[in-house]
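[1] give me a 3D structure for the following:
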Amino acid sequence: MDTYRRVTKFANSSILAADCFTYLDDAHARGTDLKFAPDARAIVTVGKDMPKDKGVQGAMRMRQLGVGQKVTWLGNQEVSNKIAALCNCQVDEITGAELMVWMMRNTIEIQEAALVGF
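    Residues are numbered from 1 along each chain as shown. Sure thing, here's the model as predicted:
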């Protein structure tokens, strides 16, 4: 949309795809299927007590992970401290493996809490 509120198709605009980014919030990440450049980079924000399914849904919008596309996970200090405590490591030693262990632990805790009423 230009300053006169005229809508132009992206293909007809002067904007290059390489100069753009896509933002998907939690509610819109599931089921979204967009084509990204083969060398695209993604950032997935890691929230407090994030379960595995939410993290994976965010990351898997990149359909060519490991084949050119990459994802970076970002969390705040509280999240980093929780991961390090669970995995018995230092914050600067956290890898994708520790992140997945922590998200799986969160998933298990959520499922266990849901079973309390049964």
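
[2] contacts only, for the residue lying closest to residue 82 once chain neighbours are set aside.
    Excluding the flanking residues, the one nearest residue 82 by CB to CB, 6 or more residues apart in numbering is residue 102, at 6.6 Å. For glycine as for every other residue, the C-beta is placed from the backbone atoms N, C-alpha and C. With contact taken as CB atoms under 8 Å, 6 or more residues apart in numbering, residue 102 is in contact with 82, 83, 86, 87.

[3] closest one to residue 73 out of these, please.
    Within these, the smallest distance to residue 73 is 10.0 Å, found for residue 83 (CB to CB).

[4] the closest one in helix, strand or coil?
    At residue 83 the chain is in helix, as set by DSSP: H, G, I helix; E, B strand; the rest coil.

[5] hang on, it packs against residue 94?
    Yes. Assessed by CB atoms under 8 Å, residue 83 is found in contact with residue 94 at 5.3 Å.

[6] between those two, what contacts are shared?
    If you check residue 83 and residue 94 against CB under 8 Å, 6+ apart, no residue is contacted by both.

[7] more neighbours: the two, which one.
    residue 83 (23 against 18; other CB atoms under 10 Å).

[8] separation between that one and residue 59?
    Look at residue 83 and residue 59: by CB to CB, to the nearest Å, they are 16 Å apart.
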